[in-house]
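S.K.: I'd like to go over a predicted model; first the sequence, then the structure.
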Amino acid sequence: MDHPHPFPRRGGGVEVVGHPPHVGELEPQGIVEVSDYEALLAELTAKLTTMTDHAGRPLGTRVFRPKMTYRELHGVPPDLIVYFGNLRWRSAGTGGHKTYLSDENDTGPDDANHAQHGILIMRDPRDATRGEVKGASLYDIAPTVLDRLGLDVASRDLAAFRDYFAQQTVEGYIDTVFERANLESGVMTNDPFDDAERPVWEAGTAVDKRFHAALRIDPVLNNWATACARLKGWGYDVDETLSGTALAETRRFLADWLKKTRALYMAVSLPQDFVYPEDSARARLIAECIVPVAKEHNVPFAMMIGVKRAVNPALKLAGDGVGKSDVGAVERLCAAYPDARFMVTMLAREDQHELSIAARKFPNLFLFGCWWFLNVPSLIEEMTRMRFELLGTSVLPQHSDARVLDQVIYKWGHSRAIIARILADKYADLLGTGWTLKQSEMDRDVAGLLGGNFWKYLKQA
């Protein structure tokens, strides 16, 4: 090497210093004597950990010895493991450069593609907003799902687990998940602007009857210019100025896709600064397209309000946050269109009381779920208790909001426990007044809270 250091580039990564730079009995071509091995590793460690950036500031590089890091070693481990800049930099794997630092790799800038800790791909609502989970292990995730699927987790028989999944068909696994989660059906999120999904609907592919569609229209309301260009490409005569023809064609698009998907409702995720009415394309589209089509086809318009997009752009799709929203916008919509139906959930805890009061005043407003960052036990319990006290059992207290089918297994088990605990407390309060509580009344309440209220609201004319 021309330079004593590896060649890091911006973007974290775990690098190994290959095995070994020496040692005759392991590497016949090695040039380092066994007696010099430890001293060389100490020298490499010292030089790596004192690397500096362009301005002469310490990179903060960390170096690990496998035998001091892992409980057990297999095969021939690397001599050293290096976190350049504590994973803010990584090795580009190239040489011959004038400096050992680069802000780009051979294909341009990139972001970290390694991290010292794993990333949860199965999210427990109890930890939904906590970011890093202290003390967690890879061993804490898989057993949860495996146990619920009826597998013997204590056996630690990975081959048996793999064999189980290898034998599953898509249809059979859906059956198993629905059985374990005790679900009758689920509502999907269906986006006609998704290039992978749209052809499936256009081909008239048969859909499992347990899955119902919800027509997502986020691009229409949140980025009309982009949606307009897509609609034009699909043969709809629209324009960015929202002429009369464009509005009519947008209504036709919505009607076409309600028919294609047989959607139960139209839905959109709205930013925390959503207001209504206002002089904007979004407000015009709601008033002149969404509401008329919803009324004509007798479907609700669902609004999930309060996301603050890209709070941390570096995290890309994971960088969204939460902001307080204007409940008054919901009230004005409900008042302006009393014969339209609105399903609403809001993301900020601070909006929940005002939203519940609004639902007391507007019979066309239906509250559902503890969405996203609110899907943590303390907030689920707080919101559900408040809703029961203000609205009785007329709400839909929870929706699983599952990105992966398996998630419904533990999400619904978790939510049922909270709902049951609150119901038990409320029934105890009733009994304390001398009220006689019938089993049929409890059955009615539970059936409504776990889905009946939703289906009843959908059927309202």
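M.R.: Looks like it came in fine. Because the structure is a prediction, the values reported are computed rather than measured. Numbering: from 1, shown residues only.

S.K.: same question for the helix or strand where Pro143 lies, mean pLDDT?
M.R.: Using DSSP states H and E, the element containing Pro143 is helix 142-148. On average, the pLDDT along helix 142-148 is 74.

S.K.: Can you list the residue ranges for strands in the stretch 201-350 of the chain?
M.R.: For the stretch 201-350 of the chain, strands defined by DSSP state E, counting those that start in this stretch occupy the ranges 211-212, 215-216, 266-271, 301-308, 321-322, 342-346.

S.K.: deepest of the ones you listed, which one?
M.R.: Of all the strands of the stretch 201-350 of the chain, strand 342-346 has the most neighbours on average by mean count of other CB atoms under 10 Å, namely a mean of 25. Using the backbone N, CA and C atoms, a C-beta is placed for each residue, glycine as well.

S.K.: packing partners for it?
M.R.: The contact analysis (3 or more CB pairs under 8 Å, 6 or more residues apart in numbering; DSSP states H and E) places strand 342-346 against strand 301-308, helix 327-336, helix 352-361, strand 365-367.

S.K.: 10 Å instead?
M.R.: strand 266-271, strand 301-308, helix 327-336, helix 352-361, strand 365-367, helix 453-458 (3 or more CB pairs under 10 Å, 6 or more residues apart in numbering; DSSP states H and E).

S.K.: List the contacts of Asn223.
M.R.: Asn223 makes contacts with 193, 229-230, 281-282, as judged by CB atoms under 10 Å, 6 or more residues apart in numbering.

S.K.: follow-up on the earlier one: export the strands of the stretch 201-350 of the chain as a markdown table, with columns for mean pLDDT and distance to Val330.
M.R.: Below are the strands of the stretch 201-350 of the chain laid out as a markdown table (pLDDT from 0 to 100; distance: least, CB to CB, whole Å):
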| stretch | mean pLDDT | distance to Val330 |
| --- | --- | --- |
| strand 211-212 | 94 | 24 |
| strand 215-216 | 97 | 19 |
| strand 266-271 | 97 | 10 |
| strand 301-308 | 96 | 7 |
| strand 321-322 | 94 | 17 |
| strand 342-346 | 97 | 6 |
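
S.K.: export the ones you listed to CSV and tack on distance to Glu179?
M.R.: Formatted as CSV, the strands of the stretch 201-350 of the chain follow (distance: least, CB to CB, whole Å):
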stretch, distance to Glu179
strand 211-212, 15
strand 215-216, 28
strand 266-271, 27
strand 301-308, 28
strand 321-322, 34
strand 342-346, 28
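
S.K.: related to what we said a few turns ago, quick one: buried ones out of the contacts of Asn223?
M.R.: 193, 230, 281-282 (16 or more other CB atoms under 10 Å).

S.K.: if we look at the helix holding Pro143, which residues are touching it?
M.R.: 122, 124, 151-156, 158, 160-161, 164-165, 176-177, 180-181, 404, 406-407, 409-410, 413.

S.K.: and if we set it to 6 Å?
M.R.: Contacting residues not belonging to helix 142-148 are listed as 153, 180, 406, 409-410 [CB atoms under 6 Å, 6 or more residues apart in numbering].

S.K.: cool, and stretch 421-429?
M.R.: Residues outside stretch 421-429 that contact it (CB under 6 Å, 6+ apart) are 384-385, 388, 437.

S.K.: could you redo the last one with a cut-off of 10 Å?
M.R.: Here stretch 421-429 has contacts from 380-381, 384-385, 387-389, 392-393, 397, 435, 437, 441-442, 445-446, 449, using CB under 10 Å, 6+ apart.

S.K.: where does the residue nearest in space to the middle of the chain fall, helix, sheet strand or coil?
M.R.: Relative to the mean C-alpha position of the chain, the nearest C-alpha, by CA atoms, centre = their mean, is the one of Arg403, at 6.1 Å. When classified by DSSP: H, G, I helix; E, B strand; the rest coil, Arg403 comes out as coil.

S.K.: if we can go back for a sec, what is the nearest of the buried ones among the contacts of Asn223 to Val291?
M.R.: Proximity of the buried ones among the contacts of Asn223 to Val291 (CB to CB) peaks at Arg282, which lies at 12.5 Å.

S.K.: For burial, what's the neighbour tally of the closest residue to the closest one other than its chain neighbours?
M.R.: The shortest distance from Arg282 to any non-neighbouring residue, by CB to CB, 6 or more residues apart in numbering, is to Leu221 (5.0 Å). The burial count assigned to Leu221 is 22, neighbours taken as other CB atoms under 10 Å.

S.K.: Could you check how many residues crowd around the residue nearest to Trp234 when sequence neighbours are not counted?
M.R.: Closest residue to Trp234 apart from its sequence neighbours, by CB to CB, 6+ apart: Phe253 at 7.7 Å. Close neighbours of Phe253, defined as other CB under 10 Å, add up to 22.

S.K.: Correct me if wrong: Phe253 contacts Leu231.
M.R.: Yes. With contact defined as CB atoms under 10 Å, Phe253 counts as touching Leu231 (5.9 Å).

S.K.: Mind listing the shared neighbours of the two?
M.R.: Here Phe253 and Leu231 have 192, 220, 238 as joint contacts, going by CB under 10 Å, 6+ apart.

S.K.: wait, which of those is closest to Gly328?
M.R.: Nearest to Gly328 among the shared contacts of Phe253 and Leu231: Val220, at 23.0 Å, using CB to CB.

S.K.: circling back: as TSV, the contacts of helix 142-148 with pLDDT and distance to Tyr337 would be great.
M.R.: Formatted as TSV, the contacts of helix 142-148 follow (pLDDT from 0 to 100; distance: CB to CB, whole Å):
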residue	pLDDT	distance to Tyr337
Val153	82	52
Arg180	88	41
Asp406	82	39
Ile409	83	38
Tyr410	76	38
